[in-house]
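Q: this is a predicted model, with the sequence first.
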Amino acid sequence: MTYYDLHVHVRDSGGENSADDIISMASKLGLSGVGIVLHAEQGFDSFDEYKKKGEKAGIDIVSVALAQAKNVNDIKRLVAKTRSKAEIVAVYGGDYDINRAACENPMVDILFHPERGRIDSGIDHICARAAAENEVAIEINFHELLESYRKKRIRVFARMIRNVMLCGKFGAKTIATSGSISKWDMRFGRELAAIPYLLGEELGKSIESASTIPEDIVKKNREKLAGKKWEGVAVVEDLTQFTKKEGE
Amino acid sequence: MEPKRLPPSLRAKSRYVIFEVISEGKVVFEDVTKAIWNAVTEWLGEMGSSEARLWIVKNLYSDSKQIGVIKCAHDRVEHIRVSLALVKMTGETRAIIRVIGVTGTIKAAQLKYLEAGK
């Protein structure tokens, strides 16, 4: 089974390690793909270099643009700016208005840690419904659990339980990621997939949240970036197969 | 006199979780055991840990390959997975514990994962 971790930071985006270290750790852990996060304000030229390195190691490198916005208008601007450049567009959650704006924006793919720094879970039934309609996946960030202890970890986990319940109720997708800052924070996809199960998802769905759901989002966006516009319609370069030959 | 062994239908069902330690430096069995027990008791609590029926099999731990086996309750495998994922340090070195497989018998664990790499 292919497992994807779509939230990994490298040195360019505030992480501890270089892309080489992240790729070698991903291949040790048996991950199929890694989403390297760069901030939307940065340039995305380094992604080509990461992709080449990933290809050598057999790891699918996915470009993730992180829109870290101060207000709702900022989200629209950052998302529109990065949509045509990165394979995944994610919004840095935490503020309720930003969480809701991200869920209501069909150009957004993932809402990162909506519960971060809050006393509630960060999303309500309106956000969950909007996320389901606009196909915005809600992230379950393992790093939030790894870096918290006792009372804080219990509170973070309780907020995640609420988010998973809301996503299940309205049919919004959830994505399990490591959210790693260092290569030592990375985990194998099956371990990440166990977290949604403990949060209340069915086992099959929780495994999908680290495998088929991220893979499908990446595949769909790659097709869009390559020029495909509608579901079920493909651009055909060679038309000879459709033309009748002489004598037929 | 000792109590008789329970019939198979009354025995508790177990699973064997095979794990691999990926670390900066070399780690010994005692450090791994301590890290796992700390993570499990912290994550599941004392009651949850007792329900998980955790047992780290000492004679199956390979120091050279850093591969070991944990015996646990059949319905607590996912809880053990998350507990192992929450391990950050073993002894003095940074480490990741990765689950490489789950089996129903110790024989299958040995055949599939422990002897396969020999």
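A: Everything's here; your move.

Q: which residues of chain A lie near chain B?
A: Proximity of chain A to chain B is assessed by Cβ under 8 Å from any Cβ of the partner chain, with A:25, A:28-30, A:142, A:145-146, A:149-150, A:184, A:186-188, A:190-192, A:194-195, A:197-198, A:203 identified as the residues in range. C-beta coordinates here come from the backbone N, C-alpha and C atoms, glycine included.

Q: if you set the cut-off to 7 Å instead, what comes out?
A: Residues of chain A lying close to chain B by Cβ under 7 Å from any Cβ of the partner chain are A:28-29, A:145-146, A:184, A:187-188, A:190-191, A:194-195, A:197-198.

Q: tell me both backbone torsions, phi and psi, for residue 73.
A: Picked chain A for this. In terms of degrees, to the nearest 10, the main-chain angles of residue A:73 are phi -60, psi -30.

Q: hmm, no, I was thinking of chain B.
A: Per degrees, to the nearest 10, the residue geometry at residue B:73, taken as phi and psi, is phi -70, psi 150.

Q: from what I see, it and residue B:53 are in contact.
A: Yes: judged on Cβ atoms under 7 Å, residue B:73 makes contact with residue B:53 at a distance of 4.7 Å.

Q: so what sits against both of these two?
A: Between them, residue B:73 and residue B:53 have residue B:12 as joint contacts when contacts are counted by Cβ atoms under 7 Å, 6 or more residues apart in numbering or on different chains.

Q: between those two, tell me which one has more neighbours.
A: Here residue B:73 and residue B:53 are set side by side on neighbour count (other Cβ atoms under 10 Å in any protein chain shown), and the busier one is residue B:73, at 17 against 14.

Q: contact partners for the more buried one?
A: Taking Cβ under 7 Å, 6+ apart as the criterion, residue B:73 is in contact with B:12, B:14, B:51, B:52, B:53.

Q: ok, of these, which one's closest to chain A?
A: Within the contacts of residue B:73, distances to chain A taken as Cβ to the nearest Cβ reach their minimum at residue B:52, with 12.5 Å.

Q: tell me the SS of residue A:6?
A: Using DSSP: H, G, I helix; E, B strand; the rest coil, the secondary structure recorded for residue A:6 is strand.

Q: my guess is it contacts residue A:176. True?
A: No: in this structure, residue A:6 sits apart from residue A:176 without contact. The criterion is Cβ under 7 Å, and the distance is 9.4 Å.

Q: buried residues, the helix or strand containing residue A:151. List them.
A: Counting by DSSP states H and E, the element that carries residue A:151 is helix A:150-170. Under the neighbour-count criterion of 16 or more other Cβ atoms under 10 Å in any protein chain shown, helix A:150-170 has A:153, A:156, A:157, A:159, A:160, A:162, A:163, A:164, A:166, A:167, A:168, A:170 buried.

Q: go on, stretch A:108-127?
A: By neighbour count, with 16+ other Cβ under 10 Å as the criterion, the buried positions of stretch A:108-127 are A:108-116, A:118, A:121-123, A:127.

Q: stretch B:69-83 now?
A: B:69-73, B:76-83.

Q: filter those down to the ones in helices?
A: Among these, the residues falling in helices (DSSP state H) are B:77, B:78, B:79, B:80, B:81, B:82, B:83.

Q: quick one, helices of chain B?
A: Taking DSSP H, the helices of chain B run over residues B:29-52, B:77-85, B:106-109.

Q: ok, now chain A?
A: Secondary structure of chain A by DSSP H: the helices cover A:19-29, A:46-57, A:72-82, A:96-103, A:125-133, A:142-146, A:150-170, A:189-199, A:203-208, A:212-225.

Q: most tightly packed of those helices?
A: For the helices of chain A, average neighbour numbers computed from mean count of other Cβ atoms under 10 Å in any protein chain shown are highest in helix A:189-199, which has a mean of 24.

Q: neighbours of residue B:13, how many?
A: Using other Cβ under 10 Å, the number of residues around residue B:13 comes to 10.

Q: leaving aside the residues next to it on the chain, what's closest to the residue nearest the centre of chain B?
A: A centroid search over chain B (Cα atoms, centre = their mean) returns residue B:70, at 2.1 Å, as the residue closest to the centre. Spatially, and ignoring its direct neighbours in sequence, residue B:70 is nearest to residue B:17 (4.5 Å; Cβ to Cβ, 6 or more residues apart in numbering or on different chains).

Q: give me the distance between the one you found and residue A:132.
A: With distances defined as Cβ to Cβ, to the nearest Å, the gap from residue B:17 to residue A:132 amounts to 35 Å.

Q: same deal with residue A:233?
A: 25 Å.

Q: what bits of the chain have low per-residue confidence?
A: Because you didn't say which chain, this covers chain A. A:228-232, A:234-235, A:241-242, A:244-248 (pLDDT under 70).

Q: not quite, I wanted chain B
A: B:116-118.
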